[in-house]
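J.: for reference, the sequence and a predicted model appear below.
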Amino acid sequence: MRITATVTDVLRNFSDYVNRVAYRGERFVLTRGGKEVAELVPSVPAGSRLADLPEILRSLPQLDVDDAEAFARDLDAVREAGNADAPTDPWAS
C-alpha cells in the first residue's frame, strides 16, 4: 500500500517516517505542490519475522532416526566431558 505524504510533512516528522518505513514496511509517495516527486520505501532487506520461524524450521533438512540418536549420544558425551572439569564453586579462583 502506498501512502501519500507531502515533502514538508516528511521533513517535519522525518524520524517517524523512517521508523514507519523501516519497522512497518510502509511506503510513501512524496508530493510537492500536489505532484509526486519521490518515493520513500524500504530498501534494506529485512530479516525474518518470528512468525516465519515454524516454516523455516520445517524447511530445514531432517535427520533420520539413526543420525538423530547418534547426535544425541554425541551431545551427552560432550556434556559429560565438559562438566568433568567444572569447579564445584564457580566463584573460587
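T.: Ah, there it is. Quick caveat, the model's predicted, so the values are computed rather than measured.
J.: now the strands for this protein?
T.: Taking DSSP state E as the criterion, the chain contains strands spanning 2-6, 27-32, 35-40.
J.: out of those, deepest packed?
T.: Across the strands of the chain, averaging neighbours per residue (mean count of other C-beta atoms under 10 Å) puts strand 27-32 on top, at a mean of 16. All C-beta atoms are positioned from the backbone trio N, CA, C, and that covers glycine.
J.: packing partners for that one?
T.: For strand 27-32, the helices and strands in contact under the criterion 3 or more C-beta pairs under 8 Å, 6 or more residues apart in numbering; DSSP states H and E are strand 2-6, helix 7-12, helix 14-24, strand 35-40.
J.: in TSV, list these along with mean pLDDT and distance to D74.
T.: Written out in TSV, the entries for these read as follows (pLDDT from 0 to 100; distance: least, C-beta to C-beta, whole Å):
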stretch	mean pLDDT	distance to D74
strand 2-6	91	53
helix 7-12	96	56
helix 14-24	93	41
strand 35-40	95	51
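J.: let me know which of the ones you listed is the nearest to G47.
T.: Closest approach to G47 among the helices and strands packed on strand 27-32 is made by helix 14-24 (11.5 Å; C-beta to C-beta).
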